[in-house]
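Chemist: heads up, no residue letters with this:
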């Protein structure tokens with residue numbers, strides 16, 4: 001009985017951590033992953049389908065493929081009816097451990113996960129996967145073109161690769177502004193910035209084409225996986241989470257930290273206050289490997 005309770009506690013802790021993380025990011029990671037997956041021929045996938053969840057983190061993409069979707073996600077074909085084989089890889093060992101823990105807790109019997117550089121897929125033979133998904137990972141690779149080349153290599157002919165990047169990130173913009181207000185010229189206001197070229201609609205497809213995909217096989221779309229909360233206090237709590245303040249407020253004293261939530265509230269516009277929503281717009285690039 002003791003071991004059963006311990007196992008239950010472990011499962012509950014993983015559920016709690018996952019739910020807390022999603023709350024702190026306004027559920028935007030799951031919304032974006034669902035939008036990306038909607039470009040795959042999900043209804044054709046079976047138990048023999050192989051999908052690579054690259055830069056998998058704790059398994060947000062895998063969870064949508066293999067577990068019932070949360071109520072705010074409505075994508076036909078999710079989860080896949082006959083669970084496909086899903087391989088998660090991430091360079092972060094703690095992320096892979098969390099992925100494995102989630103897989104155990106949620107019963108992903110057809111998944112595996114490895115610590116692996118998403119730019120080096122030498123673990124996998126050519127034409128290993130029917131689909132490769134990399135949500136919000138391509139812009140951190142040292143050589144994004146090399147990464148795309150590897151993803152194309154491991155795709156089967158006719159397989160699809162789906163990549164996502166941000167176009168606009170209102171929460172990051174807002175928190176950066178607050179950091180600068182509280183500590184002018186001496187803050188980490190640009191924490192979590194990405195190279196501006198990745199925010200354009202042209203750069204991601206140009207990288208994909210340079211990685212070997214034919215121009216006619218590449219398409220780009222947009223999604224709006226906005227931060228959404230149940231109330232204004234919930235949104236302010238999320239924006240004041242250590243998940244974010246650890247990035248923007250390094251070395252701050254108690255007095256400076258005490259101003260954070262109040263200053264965040266001041267920066268919200270009327271629509272944000274009334275809807276408890278912060279705008280997030282993403283680029284989604286879909287590429288198909290030729291036969």
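Modeler: Looks like it arrived, so ask away. From a predicted model like this one, the values you see are computed outputs, not experimental measurements.

Chemist: got any ranges where the stretch 51-200 of the chain has weak pLDDT?
Modeler: 187 (pLDDT under 70).

Chemist: quick one: the strands in the chain?
Modeler: 50-54, 85-90, 111-115, 129-135, 155-169, 218-223, 227-228, 277-278, 280-288 (DSSP state E).

Chemist: angle of the fourth one against strand 280-288?
Modeler: By that I understand strand 129-135. Here the directions of strand 129-135 and strand 280-288 differ by 160 degrees (axes from the mean of the first three to the mean of the last three C-alpha atoms, to 10 degrees).

Chemist: Let me have the strands of the chain in JSON lines, adding mean neighbour count and distance to residue 77 as columns.
Modeler: (Glycine included, C-beta is placed from N, CA and C.) As requested, the strands of the chain are exported to JSON lines (neighbours: other C-beta atoms under 10 Å; distance: least, C-beta to C-beta, whole Å):
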{"stretch": "strand 50-54", "mean neighbour count": "26", "distance to residue 77": "13"}
{"stretch": "strand 85-90", "mean neighbour count": "24", "distance to residue 77": "14"}
{"stretch": "strand 111-115", "mean neighbour count": "18", "distance to residue 77": "18"}
{"stretch": "strand 129-135", "mean neighbour count": "25", "distance to residue 77": "12"}
{"stretch": "strand 155-169", "mean neighbour count": "20", "distance to residue 77": "14"}
{"stretch": "strand 218-223", "mean neighbour count": "15", "distance to residue 77": "17"}
{"stretch": "strand 227-228", "mean neighbour count": "20", "distance to residue 77": "23"}
{"stretch": "strand 277-278", "mean neighbour count": "20", "distance to residue 77": "27"}
{"stretch": "strand 280-288", "mean neighbour count": "21", "distance to residue 77": "15"}
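
Chemist: In JSON lines, list these along with distance to residue 184.
Modeler: Shown next, in JSON lines, are these (distance: least, C-beta to C-beta, whole Å):
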{"stretch": "strand 50-54", "distance to residue 184": "40"}
{"stretch": "strand 85-90", "distance to residue 184": "37"}
{"stretch": "strand 111-115", "distance to residue 184": "41"}
{"stretch": "strand 129-135", "distance to residue 184": "35"}
{"stretch": "strand 155-169", "distance to residue 184": "22"}
{"stretch": "strand 218-223", "distance to residue 184": "34"}
{"stretch": "strand 227-228", "distance to residue 184": "26"}
{"stretch": "strand 277-278", "distance to residue 184": "24"}
{"stretch": "strand 280-288", "distance to residue 184": "27"}
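
Chemist: and residue 22, which of those strands is closest to it?
Modeler: strand 227-228 (10.6 Å; C-beta to C-beta).

Chemist: That closest one - contacts with which helices or strands?
Modeler: With contacts taken as 3 or more C-beta pairs under 8 Å, 6 or more residues apart in numbering; DSSP states H and E, strand 227-228 sits against strand 277-278.

Chemist: hmm, who's touching the strand it packs on?
Modeler: 26, 170-171, 174, 226-229, 235, 271-272 (C-beta atoms under 8 Å, 6 or more residues apart in numbering).

Chemist: For that strand, give the mean pLDDT please.
Modeler: What strand 277-278 shows for mean pLDDT is 95.

Chemist: So what are the sheet partners of that strand and their directions?
Modeler: strand 227-228 (antiparallel) (DSSP bridges).

Chemist: next one: the strand it pairs with to chain centre, how far?
Modeler: 14 Å (C-alpha atoms, centre = their mean, to the nearest Å).

Chemist: circling back to that earlier point, kindly reformat the contacts of strand 277-278 as a markdown table containing distance to residue 143.
Modeler: Listed next are those as a markdown table, based on distance: C-beta to C-beta, whole Å:
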| residue | distance to residue 143 |
| --- | --- |
| 26 | 32 |
| 170 | 30 |
| 171 | 29 |
| 174 | 32 |
| 226 | 32 |
| 227 | 31 |
| 228 | 35 |
| 229 | 37 |
| 235 | 37 |
| 271 | 40 |
| 272 | 38 |
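
Chemist: Among those residues, which one sits closest to residue 100?
Modeler: Closest to residue 100, out of all of the contacts of strand 277-278 and judged by C-beta to C-beta, is residue 26, at 26.2 Å.
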